[in-house]
Each structure stands twice: as C-alpha cells, then as structure tokens.
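1. Dropping the sequence and predicted coords here.
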Amino acid sequence: MLKTFSIGGVHPQENKLSAHQPIVAADVPAKAIILLGQHIGAPAKPIVAKGDMVKVGTKIADANGFVSAAIHSSVSGKIAKIDSVIDASGYAKPAIFIDVEGDEWEESIDRDTTLIKECSLSSEEIVKKIADAGIVGLGGACFPTQVKLCPPPSFTAECLIINAVECEPYLTADHQLMLERAEEIMVGVSILMKAIKVNKAFIGIENNKPDAIELMTKVASTYAGISVVPLKVKYPQGGEKQLIDAIIARQVPSGALPIATGAVVQNVGTAFAVYEAVQKNKPLLERVITVTGKSLQKPSNFMARIGTPMSQLIDACGGLPEDTGKIIGGGPMMGKALVNTDVPTAKGSSGILIMNKKEAKRGEERNCIRCSKCVSVCPMGLEPFLLGALAENKDFERMEKERIMDCIECGSCQFTCPAYRPLLDYCRLGKSKVGAMIRARQAK
Amino acid sequence: MDNKLLVSLSPHVHSGDSVEKNMYGVLIALLPAFVVSLIYFGLGALIVTLTSVVACLFFEWAIARFIMKHSGNSILDGSAAITGVLLAFNLPSNLPVWIIVIGALFAIGVGKMSFGGLGNNPFNPALAGRVFLLLSFPVQMTTWPKVGQLSSYIDAETAATPLSIMKGVIKGAPGYSLDQLPDSFNLFIGNNGGCIGEVSAAALLIGLVYMLMKKIITWHVPVSILVTVFVFSGIMYLVNPQIYVSPVIQLISGGLLLGAIFMATDYVTSPMSHKGMLIYGVCIGLLTVIIRLFGAYPEGMSFAILIMNAFTPLINTYCKPKRFGEVAKKK
C-alpha cells in the first residue's frame, strides 16, 4: 500500500492541463516590478536608488533581520522608481520598478548548463551562499530557506524530506521541473543534506506522476542516501505536517516546529534553486510557473523572471479568455484570487489559474446539515462545522480551546461541504482574532 | 462593468457534493424497501406512504412560507420527503389517513420546523412523529395487517408480528410460543407482519450498501448498533434460549435494521466524530435490546434512537476527533 498521511484529506479533480508541456523561457519583460516582501518575515531593505543601473543578478535589496531574504534583480536596466504596487494579496506593497535595457548578466553567474556534481563547501558556507542568493521555500509559503536550514540548537535534523508532491490541482511546475532537471535537483538535494548534516533524504512524489517517480528513482540510485517515496494521491499531502506524517509517520505536535520530528522539509523547486545558487552562483531570479485554465488556449509551463507581470504570461498562452471570472495566483485550493493581471510574479508564484465565470462562482450557502463530512476530511482533526459556528457567534475564546490555531487553511472542509458553507473563511477570521488575543496575552 | 474579476478566498473549487445529492441518495436507498412493502402490503403501503410524504412536504412548505416567512423552497432539498417516507415506513399499512396527517404535522411542525428547519432539530423528526402517534393512538399503532392482502387498506385482517410474539413469550402470555415465528428466510426477505418499511432485511441492507458506496453515511453508526445488538441478545439467548430468540432473528426482525441504517444515521441528530458515532451506536444497541427484552413495548428501536438523540450534544462535547499531533505527544 502506498504511504499517505493518516487523518482526513480529499481528492479534488486533478485537472493537470499543462502536464508534460516543456518549460519555455518566458520573454524578459519590458518593465519588471520586483516586490520587496516576497517571503515570510520583514520585507527586504532596498540598496539601490532611482536611476541606478543594475544587471541580471545584482542584489537590489538586503535581508532585513533574521527571518527575511535578499532580493536580486531579474533583469538588467535602470531603476525607475521605488513605489508601491498591488500584489497577489490585493494590498499595495513596496516594490522596485526597473526599466529593462538589454539582458546583461553579472559576471559571477555561471550560465553554462553543464552539470556540476561536486561541492566541496562546508555546511556553513552552503547556508551562507543560499542566504546570499535570496532563496525561499518555492512551494508557496516562501519561508527563507537559510532559516529552515539552521534549526534552533535544541533540535537536531535527522533527515531531509523533499516535497515534490504538488497536490494542488492544475499545477504542473514541479512535475515538469523534475522531468527536465532531475540531475540538478538531485545535486541540490545532496547539497541540502550536507547543509543540515544528515545522510538520509526522502523525495515524496504523488503517484499521479509515474514518469517523474520513475526518472527520479533512477537518478537517485546514483546518489548516496536519497530515496524516492511514491505517495497515494491525496490533498493536502504537500502540507509540511502532512508530508512528514506520510513519509516518516511522525506527527508534529500542536504548536511545535516541524523540526521537532527531526525532519527538515524543502520543496523540489527549492532544491533546484539551491543547486543553481551553490554550483552556479545564480541567485533566485527566475522560477517555473504554470499558467493554466480550462478556457485558456494553451496551458503552459514557463521559466519566468521574477517581477514579470502576470498579464504577459497569460498573453503568451493565447490571452485572457472572454469568459474569465476569476484569476488565481497559485492553485485552486489555496491560491489567492487576483484583483487584476498587472500583479507581478514573485518567488512564491507557482501558478496562474484562469477560471471561467461559471467555475468562479461559489454555491449558495445553506444551513449546516451536520453531515460531519468536514470533520472526516480535516487533516488536522478539527471540527470545521463547530469552528464556523463559533466564529459566527464571535466566541473566539472557545475557538482557541477548539484548537483553531492548528488549522492549516487547506480548505478541505469548505471543498467538501454539501451546504456550501464558507467554513475556511470563518476559520481564517477565527485564526486572526485568536492570534491577536494570544499576542496581546504575551505582550502583558 | 461586467468584466469585473471575482475575488474571494480559497478554496476556489468545490467537490460538487450538495444537500440534495445526499438527501435524494437516501431516498434512492429507501426504494428497495418501498418496493418490497408494495409486494407484501399492496394498496395500504402505497396510500400510507403517499399520504405521509405529501403531508410532510405540505407542512414544511406551509410553515416555511406562512409562519417562518421563507420562500418555502426548502421542500425541494429532499429532507421533508425523507421524513415522510421514514414516518410511513414506521407505520402499519392499515393506518387511517387522518392519523398519518397528524403524525406528519407533529414530525415536521414540532420535530423539525419549530427548531428552525433542516439542521437544527435535536430529534429525528420522523421518529418524533411515530412516537407521538404510538402514544396517542396505541391501538391503531399496534395492530398490523397480515402480509399478502394486496388490495385492502383499513379493512385488512390483522395478525401478531414477530416482535409481539417474542414479547408474548417473554411475558409468558398464554397462546404465544416461539414456534409461531416465521422462519429466518421469510424474516430476511420481508414476508412477515410489521411496519411498512421494516419488514425486509434484504431490501434495507441493499440500501445500506448503496449509501456506503455513495459515501452518504459512514459505517460507524449502523455497524456499532448491529454488533451491539448481536452480542447483547446473543448473551441473553445463551442464558435462556427458551424465551429469548437467537441474535440473528433479533437483527432481522422489527425495525432494527430500518432504524440502524436510516434513522440513527440521520445527519442532524447523530454525533459528529467517529468516536462519538460508535458510542452513540453502542448505546442505541443496548437500549434497544433492553426495551425489547425487559420493557413494556415489543419494539425499542425508536425510543432508543430518540433517547440517544438527546445525548448527541453531550457526546459531541466530549468526543472530539483524533487531533493531528496528539500521537506524537504520547511518545
């Protein structure tokens, strides 16, 4: 029997329309908008000013504190302004606007595609290189990678888990990257193993990608300590806690860090970025992004420079369809609906999903019929129907007792609810209120 | 601006499941039992079931429309129809129309709508209606027609049901003996007296398999009830086989399967966690056997379910699902 996580889960229609579409290098945009907050933590501090000339790979903003990440220019040209722009969250955020001139790269970057396997750097040197390259978790959470590689001293890492699950419907970026860059990924994985000083790595891939499992298993056999673990297809297996449970059968205790289980989880795209940063001196300035949707002419996978306006990528797929109702940054289960298509891509942009008007509509909310399907599917073992009712009644104290802060916002409850109740909306409201209550208590 | 983009929070997709799909799924699962009831009770079963369904739909619509001032569209969701069918299935096939209508009014009006409609009622509406009728019209509610009188209704000849024979034997009443029971094959296919929908174990089990396959219900409630009844009545059978029937006969006679499969599994009135469902099922099983063997009534299923309905909120408070991360803590 294939491994999977132990509690709850759903199986949405996969709709991997862009599967097996080769990764195409997207055109360099005429104007790039590079957000300063592309990661969890404090936004980066700009170190360039209006009028400065930058090259591809020039650092343009420094990490601002421990949990933060450096940002590099993905284009060459002149800094037009530092201003705010509406990002995928729908809020105006500070960003560096660059008018592109040519495509001149920093000399330090090795643009040769020859595979370099050997890495003689020490653990500390690797972590520093990763931090200098501004690498963050590319699965979507965008947690600065160097922070995850340096767990608090009371914990020791026992194994590395590579998240190649891609459990979100529609998205195929990681799948295609594995098919095209398996060797590079494997070198990246061994570098990450060296960085956290472990000799075991597991690559978790869902069984709906048999070609990737086969290829990665073959390549992994020539590397010491790396094994590929095929997983049963079940959402949200790509959630960090669920993936650790699926692969090494340990559950992260409520409120604890994932490292408490001895596992460090990194996304497969991150492993590739680590390879490029450590072996090729290339900072994180482009990534694979899936552009997809049922009405879209040509669903595709792009290697796009960070800061490319999403409209440009959509145009490259045949343009925005007439009946577009919703544009989602990310996948359909956890992605964010965009307010317009001028939003620039960021380090965490794994996909753009175009939904037509009919798909975009939510069903009409009804009375809860207490069918308990939300309880059955919640991967954290919570009771979404109860949390929803408590949020409606503003009983946030009780929500805290019912462990609302454990909610990973995967949306399985709302996906399943036959009465179309906006359960996750209520859970998010509760989480933000309870989070504020906890912070206020700690401040006292 | 009809080109405005829709902006909402995730998730942006839905499973496609709906209240209607579940409710009509239950109705489909009830079909085999209805067909069998037509075969054995004929016209009576048809009149009682139709009256009950129509009355339930009417009262739901009228109360929603004129008292609660809603649109009354809720009759389309299928839940009132289920109440109607289940109420009818718990009635003898020779019950007069006016009594059925009173039962439907109590089931829908008091049992369901007075609490705010679907999702809010603490007790199973159909059972509330049935028990109300049982207490109000004890004679009419406890005389059952003999099977096979296809064209008769109120005028049908009546006879003792398997359960009343069992009760008679336990009480030592004259004229009853366990030899009068139909054999287990006839009990299984439904060739015996009783309420309209309860007679055929086979038809009800087909419904159970259908609902499990369609994931309308989980196995927890029905299986825990059936196992408990089997074990408990099995012990009693071993203690005194002279007056107690074998556990298999207990399982396939009376309203046990109808209750375990269709009434105890009612979404609204059963517990939310799997652990809670098991406790609920075991308690229903115990109470049913206690009432059947030691109580005044021959059948205990409806009372057992209603009693446990009352405990459902308590069970929900104390039986939480297995939280993620609890296993790790114990290590």
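-> Yes, it's here.
2. contacts, neighbours, all on C-alpha from now
-> OK.
3. Pull the residues that contact stretch A:331-339.
-> Residues outside stretch A:331-339 that contact it (Cα atoms under 8 Å, 6 or more residues apart in numbering or on different chains) are A:88-90, A:168-171, A:326-330, A:350-353, A:409-412, B:5-13.
4. who's in contact with the residue lying closest to residue A:317 once chain neighbours are set aside?
-> For residue A:317, ignoring the flanking residues on the chain, the nearest one in space by Cα to Cα, 6 or more residues apart in numbering or on different chains is residue A:298 at 4.9 Å. If you count contacts by Cα under 8 Å, 6+ apart, residue A:298 has them with A:292, A:317, A:318.
5. tell me the SS of residue A:298?
-> With DSSP: H, G, I helix; E, B strand; the rest coil as the basis, residue A:298 sits in coil.
6. any idea which residue sits dead centre in chain A?
-> Closest to where the C-alpha atoms of chain A average out (Cα atoms, centre = their mean) is residue A:140, at 1.6 Å.
7. Residue A:349 is in contact with that residue, correct?
-> Yes. Applying Cα atoms under 8 Å, one finds residue A:140 in contact with residue A:349, separated by 6.7 Å.
8. Return every residue with contacts to both of those two.
-> Common neighbours of residue A:140 and residue A:349 (Cα under 8 Å, 6+ apart) are residue A:330.
9. Which stretches in the stretch 251-400 of chain A count as helices?
-> For the stretch 251-400 of chain A, the helices defined by DSSP state H, counting those that start in this stretch cover A:268-280, A:310-316, A:357-360, A:373-377, A:384-392, A:396-401.
10. Need the mean per-residue confidence for the third one.
-> Per-residue confidence for helix A:357-360 averages out to 88 on the pLDDT scale.
11. Now tabulate the helices of the stretch 251-400 of chain A in a markdown table and tack on distance to chain B and mean neighbour count.
-> As requested, the helices of the stretch 251-400 of chain A are arranged in a markdown table below (distance: least, Cα to the nearest Cα, whole Å; neighbours: other Cα atoms under 10 Å in any protein chain shown):
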| stretch | distance to chain B | mean neighbour count |
| --- | --- | --- |
| helix A:268-280 | 23 | 26 |
| helix A:310-316 | 14 | 20 |
| helix A:357-360 | 7 | 16 |
| helix A:373-377 | 7 | 25 |
| helix A:384-392 | 9 | 21 |
| helix A:396-401 | 12 | 16 |
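12. mean pLDDT lowest for which of the ones you listed?
-> When I compare the helices of the stretch 251-400 of chain A, helix A:357-360 is least confident, with a mean of 88.
13. where's that helix relative to the chain centroid, distance-wise?
-> Remark: helix A:357-360 is offset 25 Å from the chain centroid, using Cα atoms, centre = their mean, to the nearest Å.
14. C-alpha coordinates for it, CSV please?
-> This file holds the C-alpha atoms of helix A:357-360, laid out as CSV (Å, rounded to 0.1, in the frame of the first residue of the first chain):
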residue,chain,number,x,y,z
LYS,A,357,-17.4,32.7,-14.8
LYS,A,358,-19.3,29.5,-14.0
GLU,A,359,-16.4,27.9,-12.2
ALA,A,360,-15.7,31.1,-10.3
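15. Which strands or helices does it pack on?
-> strand A:324-329 (3 or more Cα pairs under 8 Å, 6 or more residues apart in numbering or on different chains; DSSP states H and E).
16. The stretch 151-300 of chain B against chain A: which residues are in contact?
-> Within reach of chain A by Cα under 8 Å from any Cα of the partner chain, the stretch 151-300 of chain B has these residues: B:267, B:268, B:272, B:273.
17. right, is the longest helix belonging to chain B up against chain A?
-> Longest helix in chain B, counting residues (DSSP state H): helix B:19-41. Yes. Interface with chain A: helix B:19-41 contributes residue B:19 (Cα under 8 Å from any Cα).
18. elements contacting that helix?
-> When contacts are defined as 3+ Cα pairs under 8 Å, 6+ apart, helix B:19-41 packs onto helix B:43-62, helix B:79-89, helix B:201-213.
19. mind checking which of those helices is nearest residue A:114?
-> Of all the helices and strands packed on helix B:19-41, it is helix B:201-213 that lies closest to residue A:114, at 53.7 Å by Cα to Cα.
20. got the angle for that closest one vs helix B:19-41?
-> 170 degrees (axes from the mean of the first three to the mean of the last three Cα atoms, to 10 degrees).
21. Next, the buried residues of helix B:201-213.
-> B:201, B:202, B:203, B:204, B:205, B:207, B:208, B:210, B:211 (16 or more other Cα atoms under 10 Å in any protein chain shown).
22. go on, stretch B:304-312?
-> Applying 16+ other Cα under 10 Å to stretch B:304-312 flags B:304, B:305, B:306, B:308, B:309, B:311, B:312 as buried.
23. The fifth one reaches residue B:123, doesn't it?
-> Yes. Between residue B:309 and residue B:123 there is a contact at 5.6 Å, judged by Cα under 8 Å.
24. who touches both of those two?
-> Shared contacts of residue B:309 and residue B:123, defined by Cα under 8 Å, 6+ apart, comprise residue B:269.
25. how about the strands of the stretch 201-350 of chain A, start to end?
-> Using DSSP state E, counting those that start in this stretch, the strands found in the stretch 201-350 of chain A span residues A:201-206, A:226-231, A:263-267, A:286-292, A:300-305, A:324-329, A:336-337.
26. Residue ranges in chain B under the pLDDT threshold?
-> In the predicted model of chain B, residues B:1-3, B:327-331 satisfy pLDDT under 70.
27. For the spatially most central residue of it, give its distance to chain A.
-> Centroid-nearest residue in chain B, with Cα atoms, centre = their mean: residue B:263, separated by 2.9 Å. With distances taken as Cα to the nearest Cα, to the nearest Å, residue B:263 is found 14 Å from chain A.
28. From residue B:15, how far off is residue B:160?
-> Residue B:160 sits 49 Å away from residue B:15, going by Cα to Cα, to the nearest Å.
29. go on, residue B:25?
-> 16 Å.
30. cool, and residue A:110?
-> 47 Å.
31. Show me chain A divided up by domain.
-> Using automatic domain parsing, the domains assigned to chain A come out as A:25-109+A:283-358, A:123-280, A:373-443.
32. which residues touch the residue of the stretch 101-250 of chain B found nearest chain A?
-> The stretch 101-250 of chain B approaches chain A most closely through residue B:119 (4.3 Å), counting by Cα to the nearest Cα. By Cα under 8 Å, 6+ apart, the residues touching residue B:119 are A:367, A:368, A:369, A:370, B:268.
33. Would you format those residues as a markdown table with distance to residue B:63 and neighbour count included?
-> Listed next are the contacts of residue B:119 as a markdown table, based on distance: Cα to Cα, whole Å; neighbours: other Cα atoms under 10 Å in any protein chain shown:
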| residue | distance to residue B:63 | neighbour count |
| --- | --- | --- |
| A:367 | 17 | 15 |
| A:368 | 20 | 21 |
| A:369 | 19 | 21 |
| A:370 | 22 | 23 |
| B:268 | 20 | 22 |
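34. Many thanks, I have nothing further to ask.
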